[in-house]
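Trainee: generate coordinates for the sequence data below:
(one chain, ligands or ions: 1)
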Amino acid sequence: MLPLLSLLALSAVVTSVPSALALVSSGPRDVESLFRRQTAIPEVGSAEWVALYPAAGSTPTTVPQAWTDALAAAVAAGKIPDLPPATLTQGYPSYSNNLDPAGPVACHNTRGCSIASDKLVAPDGMIGISQDDGPLPPGRTLNSFFEAQKINATHFYIGGNVLGNYDIFLQARAIPGQHFAVHTWTHPYMSSLSNEGVVAELGWTMQILADSNYGKIPAHWRPPFGDVDNRVRAIAKEVFGLQTIIWGVERDSEDWTLTNLDNEEAVKATITGFLEGPKAPGMIMLQHELSDRAVNAFITLWPSYLSNGWDCRTIVRQNTSPFSLCFPS
Ligand SMILES: [Zn+2]
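Mentor: Presented below is the predicted three-dimensional model:
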């Protein structure tokens, strides 16, 4: 950690976002300095707070110089694979140089390739409770349920939604045991973005969460659509210190379909099948706070999580590192 005066001196480097401190980063150990601000953060929800971030739903176009410098340092150090952005066709990636998306160079998750540091499963017997795409209005009921049942959950939040639905974020923040993680600013196919685009999507979401959650810098992110390749993984890790958390193979609850379809019973049957299935390895399931139906499916099935013997209470960051989807209650 650099002394405060050194950090302040370096702040003169910042141009595009004066309130952030600049520090050339050589890796994750410098992440704290990428998100520290010189002045107190305005009250969450105030006009001054809103003005600190890109508009909700808009693709970020500027970033603090410190993030640009950190990316450049990582590239210069050879830590970011020199892959072209992928082209997505109905969600399936391809590369302009005919690189195999499933091969070890690109290693695209949606083509069945993952690396050791990706988290798709939990330790044996354990389930990582996670909810994506919020904060959104259906999350109010979900958060109340988490509070009442003392459920520790990871919220993979969209940065723009934190901005637009800050009251729901504040509700979740006030509940013990909640864990906030990054789900990008606009929910794009990340492998299709330039290096700079990846930095902006991750960085701004980290910034709003850190600013608004007592300075706690997120350490985990989940790629929207599971869309991540080795280039995007490396930017997340080497620039921002983020670990990539996905979900288990064939562990998509498909509760996202409930936004448009009235097939709650089918989704419940899918989830029930997962809960009654094997516990080795443990499970990370894909679930969302996108709709009242999706939230209702989770709530009504919660007794099955318990009766099937899943353990969400004993996953401790220190002894299962780097897995930490749930915190101890
Ligand atoms: Zn999502």
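Trainee: C-alpha only now, for contacts and for neighbours.
Mentor: OK.
Trainee: what residues are up against the residue of the stretch 51-200 of the chain found nearest the ion?
Mentor: For the stretch 51-200 of the chain and the ion, the shortest gap (CA to the ion) falls at Asp133, measuring 4.8 Å. Contacts for Asp133 (CA atoms under 8 Å, 6 or more residues apart in numbering) come out as 156-158, 161, 183, 288-290.
Trainee: model confidence for it, exactly?
Mentor: Asp133 is assigned a predicted lDDT (pLDDT) of 98.
Trainee: so Leu286 is in contact with Val121, correct?
Mentor: No - at 11.2 Å, Leu286 does not count as touching Val121 under the criterion of CA atoms under 8 Å.
Trainee: what is in contact with these two at once?
Mentor: Residues touching both Leu286 and Val121 (CA under 8 Å, 6+ apart): Trp247.
Trainee: could you check how far the residue of the stretch 151-300 of the chain found nearest the ion is from Ser304?
Mentor: Closest residue of the stretch 151-300 of the chain to the ion, CA to the ion: Pro224 (4.5 Å). Separation of Pro224 from Ser304 (CA to CA, to the nearest Å) stands at 27 Å.
Trainee: more neighbours, the two?
Mentor: Pro224 (20 against 16; other CA atoms under 10 Å).
Trainee: how close does that one get to Pro188?
Mentor: 7 Å.
Trainee: same question for Lys237.
Mentor: 18 Å.
Trainee: for the ion, what are the nearby residues on this protein?
Mentor: Proximity of the chain to the ion is confined to 133, 224 under the rule CA under 5 Å from the ion.
Trainee: strands along the chain, start to end?
Mentor: Applying DSSP state E to the chain gives strands spanning 87-89, 92-94, 121-122, 127-128, 130-132, 154-157, 179-182, 220-221, 243-244, 282-284.
Trainee: could I get the ones you listed as a markdown table with mean neighbour count?
Mentor: Below are the strands of the chain laid out as a markdown table (neighbours: other CA atoms under 10 Å):
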| stretch | mean neighbour count |
| --- | --- |
| strand 87-89 | 13 |
| strand 92-94 | 19 |
| strand 121-122 | 24 |
| strand 127-128 | 26 |
| strand 130-132 | 23 |
| strand 154-157 | 25 |
| strand 179-182 | 26 |
| strand 220-221 | 26 |
| strand 243-244 | 22 |
| strand 282-284 | 23 |
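Trainee: now tabulate those strands in TSV and tack on distance to Thr257.
Mentor: Below are the strands of the chain laid out as TSV (distance: least, CA to CA, whole Å):
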stretch	distance to Thr257
strand 87-89	20
strand 92-94	19
strand 121-122	23
strand 127-128	21
strand 130-132	14
strand 154-157	18
strand 179-182	22
strand 220-221	22
strand 243-244	24
strand 282-284	19
